[in-house]
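S.K.: need the 3D shape of this:
(one chain, ligands or ions: 2)
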Amino acid sequence: MPATPTSTEIARAAAILRAGGLVAFPTETVYGLGADASNPAAVAKIFAAKGRPQDHPLIVHLAGVEWLPQWAREIPPAAHKLAAAFWPGPLTLILKRAAFVPDCVTGGQDSVGLRIPGHPVALELLRAFAGEAGGRRFSGVAAPSANKFGRISPTSAEHVRAELGASLDAVLDGGECEVGIESTIVDLSRGRAVLLRPGQLTAAQIAAVLGIEVEAPDAAAPRAPGALESHYAPRTPLHLVPAAELTARLAALRGKKIAVLARAEAPSGLKDIHWQAAPRAVAEYAHELYASLRRLDDLACDAILVEAPPDIPGWQGVNDRLRRAASN
Ligand code: TXA
Ligand code: MG
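M.R.: Numbering: from 1, shown residues only. Ligands and ions are numbered 1, 2, ... in the order given. The predicted structure follows:
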């Protein structure tokens, strides 16, 4: 068990952020790579550390809804409803940006992604960071997932240190992330609700609060480049295999070194196959998913076969990440 960061460590991390440094911190979804969102030089360090294309917008993390008007110039009633229902929590809202928001944060778009994360360490860090000093206002921490561009998001501080350690000024260790996959992203910047990225929080839960349908992205929706194919990918080729075809696929790959991630029990008599059991329930499955994929990737197998989970709404976030991991 990692020790929870002390208030002194969190205050020091907040001071690093105010001074333009990079701090990795835990959220309930995945670890974030944070910088002062109002400081373009600090934000540039995020892109450099991740190797991320410059036009990819970042999510701005806030300590509370009182900071929303600083970042968004229009806050529709739907945003207030979703904020009340799900924040702090695994939800990102896309709203019309305030004029001052740096282009490097929005990817040059007219919108900004905002989220109040549901993790005590993240919230304490954001509260310690927010305020005024030296004639400047601090409140938003821009933070993408703390992984190299295109790779699997980190769900523990060890993942972060292993991948980005050298480029960070501090890492706050808050243990394993509870949710395990990135936040659900809903665009509210155009007078409707559009699901840009599925997550643990489902479209049905959001629609129930709003009383309107949550739509799929259309051609005019804001770009969400995290929704690129071949994202969240291990280095080992990953194949998503329907449960009924798993045995036949394994037989066809005999002689190769194969890892399997499956909710089904391992058949007996398998040789040279590393079988990783996955939880039956979606919450536990998502919680363990990225750590399992990293572990299986480290075995340097010829392929990772993942038994396809059920294709039902509650699994949309997990299925989305697996589909992307398989598209490499
Ligand atoms: O759970 C999460 O959301 C984590 C934690 C750290 O909060 N963060 C995360 O950030 O997943 P990142 O950068 O890996 O993914 C952010 C996603 C990208 O798909 C990006 O395109 C989208 O948010 N995004 C951010 N601002 C946007 C905007 N203004 N319009 C459309 N999409 C936006
Ligand atoms: Mg990411």
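S.K.: which stretches of the stretch 51-200 of the chain form strands?
M.R.: Under the criterion DSSP state E, counting those that start in this stretch, the stretch 51-200 of the chain contains strands at 59-61, 91-96, 111-115, 131-133, 136-138, 141-142, 170-171, 184-187, 194-197.
S.K.: can I get these in CSV including mean pLDDT?
M.R.: Output for those, formatted as CSV (pLDDT from 0 to 100):
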stretch, mean pLDDT
strand 59-61, 98
strand 91-96, 98
strand 111-115, 98
strand 131-133, 92
strand 136-138, 93
strand 141-142, 98
strand 170-171, 98
strand 184-187, 98
strand 194-197, 96
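S.K.: which one of the ones you listed lies closest to ligand 1?
M.R.: Distance to ligand 1, taken as CB to the nearest ligand atom, is lowest for strand 111-115 among the strands of the stretch 51-200 of the chain, at 2.9 Å. Bear in mind the C-beta positions are built from the backbone N, C-alpha and C, glycine included.
S.K.: just want the angle from the closest one to strand 91-96.
M.R.: Strand 111-115 and strand 91-96 are oriented at 150 degrees to each other (axes from the mean of the first three to the mean of the last three CA atoms, to 10 degrees).
S.K.: state the phi and psi torsions of the residue of the chain most remote from its centre.
M.R.: Centroid-distance maximum for the chain: residue 269 at 38.0 Å, with CA atoms, centre = their mean. Backbone torsions for residue 269, taken as degrees, to the nearest 10, come to phi 80, psi 20.
S.K.: quick one: it and ligand 1, what's the gap?
M.R.: Separation of residue 269 from ligand 1 (CB to the nearest ligand atom, to the nearest Å) stands at 41 Å.
S.K.: what do you get for residue 307?
M.R.: In this view, residue 307 and ligand 1 are 25 Å apart by CB to the nearest ligand atom.
S.K.: tell me the contacts of the residue at minimal distance from the centre of the chain?
M.R.: Taking CA atoms, centre = their mean, the centroid of the chain lies closest to residue 182, which sits 2.8 Å from it. By CB atoms under 8 Å, 6 or more residues apart in numbering, the contact set of residue 182 is 29, 30, 90, 145, 153, 197, 199, 226.
S.K.: return the distance of it relative to residue 191.
M.R.: 25 Å (CB to CB, to the nearest Å).
S.K.: same check, this time on residue 277
M.R.: Using CB to CB, we find residue 277 at a distance of 46 Å from residue 191.
S.K.: higher neighbour count, the two?
M.R.: The neighbour comparison of residue 277 against residue 191 (other CB atoms under 10 Å) goes to residue 277, with 14 against 8.
S.K.: dump the residue contacts of the nearest residue to that one once chain neighbours are set aside.
M.R.: Closest residue to residue 277 apart from its sequence neighbours, by CB to CB, 6 or more residues apart in numbering: residue 262 at 7.0 Å. Residue 262 is in contact with 243, 246, 275, 276, 277, 278, 305, 306, 307, counting by CB under 8 Å, 6+ apart.
S.K.: secondary structure element for the third one?
M.R.: Here residue 275, judged by DSSP states H and E, is contained in strand 273-277.
S.K.: residues of this structure that sit close to ligand 1?
M.R.: Contact residues, the chain versus ligand 1 (CB under 6 Å from any ligand atom): 27, 29-30, 32, 56-59, 92, 94, 106, 109, 111-113, 115, 117, 143-145, 182-183, 185, 196-197, 222-227.
S.K.: buried among the residues you listed? Make that a PyMOL selection.
M.R.: Selecting only the buried entries of the residues of the chain next to ligand 1 in PyMOL, with 16 or more other CB atoms under 10 Å as the criterion:
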select buried, resi 27+29+30+32+56+57+58+59+92+94+106+109+111+112+113+115+117+143+144+145+182+183+185+196+197+222+223+224+226
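S.K.: show the buried residues in the contacts of residue 262.
M.R.: Neighbour counting with 16+ other CB under 10 Å marks 246, 275, 276, 278, 305, 306, 307 as buried within these.
S.K.: okay, those residues in TSV with pLDDT next?
M.R.: Compiled in TSV, these are given as follows (pLDDT from 0 to 100):
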residue	pLDDT
246	94
275	96
276	96
278	98
305	98
306	98
307	98
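S.K.: domain-wise, how is the protein divided?
M.R.: As given by automatic domain parsing, the domain ranges for the chain are 7-210, 238-326.
S.K.: make TSV out of those domains and add distance to residue 232.
M.R.: TSV is the format used below for the domains of the chain (distance: least, CB to CB, whole Å):
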stretch	distance to residue 232
domain 7-210	6
domain 238-326	5
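S.K.: where does this structure have low pLDDT?
M.R.: 1-2, 223-231 (pLDDT under 70).
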